[in-house]
Each structure stands twice: as structure tokens, then as C-alpha cells.
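A.B. asks: Just the structure for this:
(one chain, ligands or ions: 1)
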Amino acid sequence: MPFQAVITRFAVAAAMMLSVSVAATAADPAGEALAQAVDKGASLFAHETFGGNGNTCETCHVGGGKVPGMAPNGKTLPSLLNAAAIYPRFSRSAGQVVTLEGQIYQCIRGGLGGTPPAAGSPDLVAIAAYLGSIAQGQVVGIGTVPK
Ligand code: HEC
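C.D. replies: A predicted model of the protein is given here:
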């Protein structure tokens, strides 16, 4: 492909990406609220201990949950890349079907030894929004296997 054509294609793609991201933020208050929830969730994921033992989500689910993690006992954990696409699932540790929020709640209590925020609270919603954002484009299949 001639250099000129490559540059033109790049410019068109960049303009399309720009218009999509603008549509989802400044021009659209709902999109902006969602983007803020995702950002807040990413920050909580990396830094928040919920008053527990000092662990954060990142302690076990490294790399923002986008790559395989590791439990304190050395056990490899699946990434959380498609977590938001595969819940509700049966949780062996809970002995019942849990939602994504339920699993987050369980990890805050168990993994962080912390006090989970109430269901539907901004913090729990933000973490779920963050996990939804990294699962964008993953195949939805409740009860299927983590990546
Ligand atoms: C001390 C380690 C540890 C910490 C810290 C931890 N988790 Fe987990 N997490 C696990 C383990 C172990 C599992 C495997 C399922 C189980 O046994 O509950 C898991 C599973 C999950 C899953 C389900 C993955 C899947 O695809 O089935 C999600 C979602 C999750 N954790 C989110 C979080 C979030 C969000 C935080 C922070 C609030 C967090 N975890 C903190 C250990 C941890």
C-alpha cells in the first residue's frame, strides 16, 4: 500500500476512535458517569484494602486482573479478563450460584479480610464496572470457564 494511503487510513481510524470516545464522555453524561465508575473501580482494585489485612485485589489478581494471578498459597488463579461475561456461576466455596458482585463481596471478605461495601453501593458497582470494562468483547457464557 502506498505510504499516502496508509496515512489516510490511519487518520480515518483515529478520527473514528476519537468520535467514539467523545460520544461516550463529554457529549453523553451517562457515558461520562460510566467512565467515572470504571476509573474508580480500577483505582479501588489496585489500592483499596476495605479495612482488612492490607491486601488489595491486585495482591492476588495481578496486572489489573488482565493476566493470570496467584493466591497466597502459590496456586495460580485464572485472569479476570472474562469474569464479567461468565457470571452468575456456581461457586464451590460458597456452595451456591453467585453473581459477579457476590464473588467480589466474597473476595473482599475472604481475600482482603475486609468489610465489603453494601450491595449496590458505589464502590461495589465501581469494581463491577471495572471488571465489565476489561471483559469488553469477551464471549458471554454464564457458568463457563474463566480465562
Ligand atoms: C488473597 C487473594 C485474593 C484477593 C486479595 C482477591 N481475590 Fe478474587 N479470587 C481469589 C481466589 C482464590 C479466587 C478463586 C475463586 C474462589 O475460590 O473464590 C478468586 C476469584 C475471583 C473472581 C472470580 C474469577 C472467575 O473468573 O471465576 C473475581 C471476579 C474476583 N476474584 C475478584 C476479586 C476482586 C474484585 C478483589 C478485590 C476486591 C479480589 N478478587 C481479591 C483470591 C483473591
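A.B. asks: Dihedrals phi and psi, Q136?
C.D. replies: Backbone dihedrals for Q136, given as degrees, to the nearest 10, come out at phi -50, psi 130.
A.B. asks: quick one: pLDDT of T8?
C.D. replies: Model confidence at T8, given as pLDDT, is 47.
A.B. asks: Provide the backbone phi and psi angles at the residue lying closest to K40 once chain neighbours are set aside.
C.D. replies: Nearest non-adjacent residue to K40, counting by Cβ to Cβ, 6 or more residues apart in numbering: A126, 4.1 Å away. From N, CA and C alone the C-beta is placed, and that goes for glycine too. For A126, the backbone dihedrals are phi -60, psi -40 (criterion: degrees, to the nearest 10).
A.B. asks: list the contacts for A126?
C.D. replies: 37-38, 40-41, 44 (Cβ atoms under 8 Å, 6 or more residues apart in numbering).
A.B. asks: Including distance to the ligand, secondary structure and pLDDT, could the residues you listed go into TSV?
C.D. replies: Listed next are the contacts of A126 as TSV, based on distance: Cβ to the nearest ligand atom, whole Å; DSSP: H, G, I helix; E, B strand; the rest coil; pLDDT from 0 to 100:
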residue	distance to the ligand	secondary structure	pLDDT
A37	14	helix	97
V38	13	helix	98
K40	13	helix	98
G41	8	helix	98
L44	7	helix	98
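A.B. asks: where does V97 land in three-state SS?
C.D. replies: strand (DSSP: H, G, I helix; E, B strand; the rest coil).
A.B. asks: related to what we said a few turns ago, will you turn the contacts of A126 into a markdown table that also has neighbour count and distance to P29?
C.D. replies: Compiled in a markdown table, these are given as follows (neighbours: other Cβ atoms under 10 Å; distance: Cβ to Cβ, whole Å):
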| residue | neighbour count | distance to P29 |
| --- | --- | --- |
| A37 | 20 | 13 |
| V38 | 19 | 15 |
| K40 | 18 | 16 |
| G41 | 26 | 19 |
| L44 | 21 | 22 |
